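Engineer: just coords:
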């Protein structure tokens, strides 16, 4: 019978619910206190400060709050993801450059979500695991419904509200009477009723309380509800051998010809490049770097499609693997060429944030191709390659951590000071660097030193000390150095500073 159908009567249409209830696990009893504690700590530790110690502590509180739910799906992979995530997030208390800290925080959050979800056996699982906490925000109201219902039980709420109301009335009456009877007590009462400074940021604190409380609930929900983790595509396509053999062979021949030319250029010296291309070495280096990096990314896509979607016979598997292996090996030579080009360019113009970042990207791509070659060899020998997606994610996280340890802004400042010289420095660019660049910029002669450092101080808030929740190692060391070597008046900054940096 249809819903609403009476005896012998026509069926009554019942529309489906606008928001169907998702399947969620039972919420643990400690969920609401943990969420309230995490939200309260975030409301205290985050406002009125730059990114620093407070942000790291909030991440630790979130992890500790969700730990009882996370332990049930803990594996060596999730432990590695979690430790790497905390390593990246902790750099917020070490590095000051905003662009770098933002990348580290986003990457650390993704790795943390992947660790909580326990996903990662396949490429799709890696993506879904990294976004699992964000996806879990939707079912949070249904997950919280039962514990909130128990908390708001009338038998518990009404006595509490009544007690708080009676207490407020009694304190107000007796407080006013005591204040009118004694001037000293009245002064203390006036101090207590004065709006404190932190109350001005009350809306922000309330928002942070709700945001991080809900975030912890989403993390717990992900830990209790497994993420579907398909290892790979369920369907593979069988194609004629010529459809993939001819294109891959042609691409390999093209890459081999390009690599031969690159080897000649790499070892032929300046004269060969100038005679053949009519360019300076720096122009030659800048001309093709990004094209070579894009080529390498395209090759990764070709290898992923060919290895993941093509279904070939056993005797053809070696041919396909050989072509893809040769293509990966030639691409690694192309990456070496790109890196050599960038080194020539930086020798002429010094490092910048972009140049250093793309150099790190080239090294990362080289590591990916090496992993792909190892995975291909493992598949040919009959061993699985299910470790590849998780290893790529882990290597990426560790690479970002190594990039932060290298200290990009300090390297850029040292390179610009050593390579460009005082008369060719871009003062505006150096003034936007983070506090970690101060030791290198302190080596500049006056008045250039004070001119650049004044911009760095203004851009990074170094004129005043950080509160406890904004403590940062780079900013602390920069303030100590500036206290030993104060900045002089910058009214006569030289106009010779160059705005171009190659």
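Structural biologist: All right, it came through fine. Owing to the predicted nature of the structure, the values given are computational and were not obtained by experimental measurement. Numbers count the residues shown, from 1 in each chain.
Engineer: C-alpha from now on. contacts and neighbour counts both.
Structural biologist: Fine.
Engineer: so which residues of the stretch 51-200 of the chain form strands?
Structural biologist: Ranges of strands within the stretch 51-200 of the chain: none, based on DSSP state E, counting those that start in this stretch.
Engineer: quick one: low-confidence residue ranges for it.
Structural biologist: The model of the stretch 51-200 of the chain has pLDDT under 70 over residues 119-120, 152-158, 160-161, 188-200.
Engineer: please redo it, this time with the cut-off set to 90
Structural biologist: Across the stretch 51-200 of the chain, the ranges flagged by pLDDT under 90 are 51, 66-78, 117-133, 135-200.
Engineer: domain parsing of this structure, as residue ranges.
Structural biologist: Annotated domains of the chain cover 30-224, 241-390, 409-484 [the TED database].
Engineer: which one of the ones you listed lies closest to residue 403?
Structural biologist: Residue 403 sits nearest to domain 241-390 of all the domains of the chain, at 7.3 Å, using C-alpha to C-alpha.
Engineer: how far is the closest one from where the chain is centred?
Structural biologist: On the basis of C-alpha atoms, centre = their mean, to the nearest Å, domain 241-390 sits 26 Å off its chain's mean C-alpha point.
Engineer: okay if I get the domains of the chain as TSV plus mean neighbour count and distance to residue 403?
Structural biologist: Putting the domains of the chain into TSV (neighbours: other C-alpha atoms under 10 Å; distance: least, C-alpha to C-alpha, whole Å) gives the following:
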stretch	mean neighbour count	distance to residue 403
domain 30-224	18	9
domain 241-390	16	7
domain 409-484	19	11
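Engineer: any chance of those in a markdown table, plus distance to residue 400?
Structural biologist: Output for the domains of the chain, formatted as a markdown table (distance: least, C-alpha to C-alpha, whole Å):
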| stretch | distance to residue 400 |
| --- | --- |
| domain 30-224 | 7 |
| domain 241-390 | 9 |
| domain 409-484 | 14 |
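Engineer: to residue 398, which of those lies closest?
Structural biologist: Nearest to residue 398, of the domains of the chain and by C-alpha to C-alpha, is domain 30-224 at 6.8 Å.
Engineer: among the domains of the chain, which is nearest residue 21?
Structural biologist: It is, among the domains of the chain and with distance given as C-alpha to C-alpha, domain 30-224, at 7.1 Å.
Engineer: measure the closest one end to end?
Structural biologist: The first residue of domain 30-224 is 14 Å away from its last residue (C-alpha to C-alpha, to the nearest Å).
Engineer: low-confidence stretches in the stretch 301-450 of the chain?
Structural biologist: 301-355, 357-359, 361-362, 365-366, 368-392, 414-432, 441-450.
Engineer: helices along that one, start to end?
Structural biologist: In the stretch 301-450 of the chain, the segments counted as helices under DSSP state H, counting those that start in this stretch are 314-349, 353-380, 387-406, 408-415, 427-431, 438-441, 448-460.
Engineer: any idea how far the shortest one is from the chain center?
Structural biologist: The reference is to helix 438-441. 27 Å.
Engineer: next: the third one.
Structural biologist: Taking the mean of its C-alpha atoms, helix 387-406 sits 12 Å from the chain's own mean (C-alpha atoms, centre = their mean).
Engineer: pull out the buried residues from that helix.
Structural biologist: Along helix 387-406, these residues count as buried under the neighbour rule (16 or more other C-alpha atoms under 10 Å): 388-401, 403-404.
Engineer: that one packs against which elements?
Structural biologist: helix 76-90, helix 98-117, helix 123-130, helix 353-380 (3 or more C-alpha pairs under 8 Å, 6 or more residues apart in numbering; DSSP states H and E).
Engineer: tabulate these (TSV), appending distance to residue 442.
Structural biologist: Listed next are these as TSV, based on distance: least, C-alpha to C-alpha, whole Å:
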stretch	distance to residue 442
helix 76-90	27
helix 98-117	21
helix 123-130	41
helix 353-380	19
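Engineer: which among those helices is found nearest to residue 462?
Structural biologist: Short answer: helix 98-117, nearest of the helices and strands packed on helix 387-406 by C-alpha to C-alpha, at 14.1 Å.
Engineer: what angle sits between that closest one and helix 408-415?
Structural biologist: 150 degrees (axes from the mean of the first three to the mean of the last three C-alpha atoms, to 10 degrees).
Engineer: which helices and strands does helix 98-117 pack with?
Structural biologist: helix 76-90, helix 123-130, helix 132-135, helix 202-224, helix 387-406.
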